[in-house]
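> could you work out the structure for the sequence below:
(2 chains, ligands or ions: 1)
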Amino acid sequence: MQPTSHAFKQNAKRAMVDTPLQESLRRLETGFTAARQAAADGLPEFEDLRDEARGIKNHVLEHLDLYLERFESRVTEKGGQVHWCETPRDARNAILEICRKVGARTVTKGKSMVAEEIALNPFLEENGIEPVETDLGEYIIQLADEPPSHIIGPAVHKTKDQVSDLFHEHHQKYGKTERIEEPEALVAEAREILRQKYFDADVGITGANFLIAETGSTVIVTNEGNGDLTQMLPRIHIVVASLEKIVPTLEDVSTILRVLARSATGQEMSVYTTFSTGPKRPEDLDGPDEFHVVLLDNGRSEMLGTELQELLRCIRCGACMNHCPVYHAVGGHTYGWVYPGPIGAALDPHLIGLEEARHLPNASTFCGRCEEVCPMRIPLPKIMRHWREQAFEHHVSPSPERFAIRLWAAIAKRPMLYHLGTRIAMAVLGRLGRRRGRFASLPLAGGWTGGRDLPAPEGRTFQAMWAARGGRTGR
Amino acid sequence: MSGRERILGNLKRSLGRDGLDVNAVAAVERRLASRNANLVPKRAARPHAEQVDLFIEKATALDITVARVGGLADVPGAISDYLAEHNLPSEIKMAPDPALDGVPWADRPMLKITRGRAEISDAVGVTPAFRAIAETGTLVTVSSADRPATLNFVPDDHVVVLNASQVIGTMEDMWAGLRADRGDGDMPRTVNMISGPSRTADIQLTLIKGAHGPRRLHIVLVDDGAA
Ligand code: SF4
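Numbering: from 1, shown residues only, chains lettered A, B, ... in the order given. Take a look at the predicted model:
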């Protein structure tokens, strides 16, 4: 997808007055957070398992080349094929070539963020191949012609009424002329329409939550079962996965599974965890004849050995966005690219460039909840801070912002000046705001007061109050 | 240079590894060969009979229905009862697995049984299980010529015949069993861990069963003397 991350501020403004979106976001905030907490509380070893999971991935990343080589040799032994793709374009071409070889006309797809990352659907369409999304959320946003707004709930921004409208509009051609409203009926209608598509498709494309070096298996974790139907019914199964998805053994994957669903939806296990190894065996009655793994780098190999390496532990559970106050306020589309929320704010600048994504690392209150809940203990705020520094150093921030930061730095380095300045400011603001206790508008602070009042300071600086209580100050 | 060489080259450069690093190779080999479980939660560490109870408790909480029967002879009756309860036609598509041959199907002549992979018209699929994991109430099936995986996903109703002796504590126990059965590193085409009927929350986070896979999942649990 074409990123719109540079327009974060405009996107956010629109999102905050979008009533259906705000309604959906409120639902998400309460639903996911409570479920995760209950699941974490239900397993005494949960915190220790997070440490183990982090350790497994750290070990993998230090030996990523070797594990990938092993994975490839296992896939090949089982009759499958690994396609190494440096760029999104390499990956798209590899997939197209496989599809062309069998003259594919329709492709069913399980949910895959990497497929979004490489913008696969428009490319297939341009080349005369119809991609059919089968995850219900992905199906909804495909009808709406929108990108996903959440990494595990792509249509989480849509209300039931909006889904009703979409189905009513797009299902006429299947003879479904009545507008239905109940979620159960909506799900049943999508089920009925997609069922035949699974059987008719020439190629099934899924993502992978894990790749296992020990066995050459790919693993998908879903609740709907669409990924399974996608990979077992067509003649060809293509897995698109980024290369950091690898884990050493079946035991290692088991450990990470224990934190994945709990962090994502609060389930102990997602409904379907499926291990696929090679194409169907000669005597099997079902399964694909060909098994391909399209392995995407897209700049990840350069993250190793840098501040960004820890991001490669991410298992895309979505917990960081489920717990992010900024995501709750503006939703996923505001971030303007495939990965929203804190993980997007930390990862997107690397994948689409800091110039385009420079607002994202600022879209944070630094409350630290993302890091608290991240099952892989990724220091997301630290990485966002890293990007802020980069943006400043490389002159990516606009000049008024840079000027303000430099001015602040100059003052902050001179304690006398700093204390004088803050004393005057606090005294003035305290006096002006004394009557109402808050400001409805304030020069230079329109960004804040546009949406809410600014509480008036009480007239003295923190340093002054601290000193009055006998605390030591840096003066 | 191929994409493969360039990617591997980049990785090695980023990791500061040029040439063959024997220590790194040894670390990887050790890990792959160790088969050591990581931290395993204690929840399922209990005698087998209690593991079976835990499995039933967990599976039931996941909206799986469980009918416990005394022996293989009771399986046809249990399946007929299930079909009747849900107003389903007396017709099943069953895995061609010899493990199900010991069931006296002829006792229920009204039950129409065909065997093979699932087709779009099949309403009820009947399969054996490989194991069942007590820790989370998860069923495990493995694919083979006798056990087509489509039976787990295509029909609206999935009925699993599970022996109590197949209930184990954890995923790690399950992998140990698979390795013992097939030899190290040899995975079947598909291993399915199934924790409930198909569901979705993609419309307004409302939980709805029967998204794309089975709407219902039923277990006939056979007490085969091990529990
Ligand atoms: S960064 Fe952590 S919390 Fe966010 S999606 Fe990745 S693993 Fe989950």
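
> tell me which parts of the stretch 101-250 of chain A are close to chain B?
Taking Cβ under 8 Å from any Cβ of the partner chain as the contact definition, the stretch 101-250 of chain A meets chain B at A:134-137, A:140, A:153-156, A:158-160, A:163, A:183-184, A:186-188, A:191, A:194-196, A:199, A:213-217, A:223-226, A:228-229, A:232-233, A:243, A:248-250. Glycine gets a C-beta too; all of them are placed from N, C-alpha and C.

> just the closest residue of chain B to chain A, please.
B:G213 (2.5 Å; Cβ to the nearest Cβ).

> what is the neighbour count of residue 128?
I'll assume chain A. 10 (other Cβ atoms under 10 Å in any protein chain shown).

> was after chain B, sorry
So B:P128, with other Cβ under 10 Å, has 19 neighbours.

> so what's it bridging to?
B:V161 (DSSP bridges).

> rewinding a little: in strands, which of the residues of the stretch 101-250 of chain A next to chain B appear?
A:S217 (DSSP state E).

> report the contact partners of the most centrally placed residue in chain B.
Central residue of chain B (Cα atoms, centre = their mean): B:V140, 1.7 Å from the mean position. B:V140 makes contact with B:129-133, B:174, B:191-194, according to Cβ atoms under 8 Å, 6 or more residues apart in numbering or on different chains.

> most widely separated two among those?
Largest separation among those by Cβ to Cβ: B:A132 and B:V191, giving 13.5 Å.

> for those two, indicate the residue with more neighbours.
B:A132 (29 against 24).

> does that one belong to a helix, a strand or coil?
Under DSSP: H, G, I helix; E, B strand; the rest coil, the three-state class of B:A132 is strand.

> what sits against it?
Counted by Cβ under 8 Å, 6+ apart, B:A132 has contacts B:55, B:59, B:138-140, B:162, B:166-168, B:219.

> apply 7 Å and report the result again.
B:55, B:139-140, B:162, B:166-167 (Cβ atoms under 7 Å, 6 or more residues apart in numbering or on different chains).

> could you check how many residues crowd around the residue lying closest to it once chain neighbours are set aside?
Of all residues not flanking B:A132 in the chain, B:V167 sits nearest, at 4.7 Å (Cβ to Cβ, 6 or more residues apart in numbering or on different chains). Applying other Cβ under 10 Å, we find 25 residues neighbouring B:V167.

> now the one 4 residues further on
B:M171 is surrounded by 27 other residues when neighbours are defined as other Cβ under 10 Å.

> quickly note the distance from the residue lying closest to it once chain neighbours are set aside to the ligand.
Spatial nearest neighbour of B:M171, chain neighbours left out: A:S254 (4.0 Å); criterion: Cβ to Cβ, 6+ apart. From A:S254 across to the ligand, the span is 17 Å (Cβ to the nearest ligand atom, to the nearest Å).

> can you check A:T108 too?
25 Å.

> sorry, back to before: and the contacts of B:A132, which two are furthest apart?
Farthest pair in these, by Cβ to Cβ: B:F55 and B:V140, 11.5 Å.

> so the chain: which segments form each domain?
Went with chain A since none was named. A:1-42+A:318-403, A:65-153+A:183-301, A:414-468 (automatic domain parsing).

> look at chain B instead
Taken from automatic domain parsing, chain B resolves into B:1-34, B:41-222.
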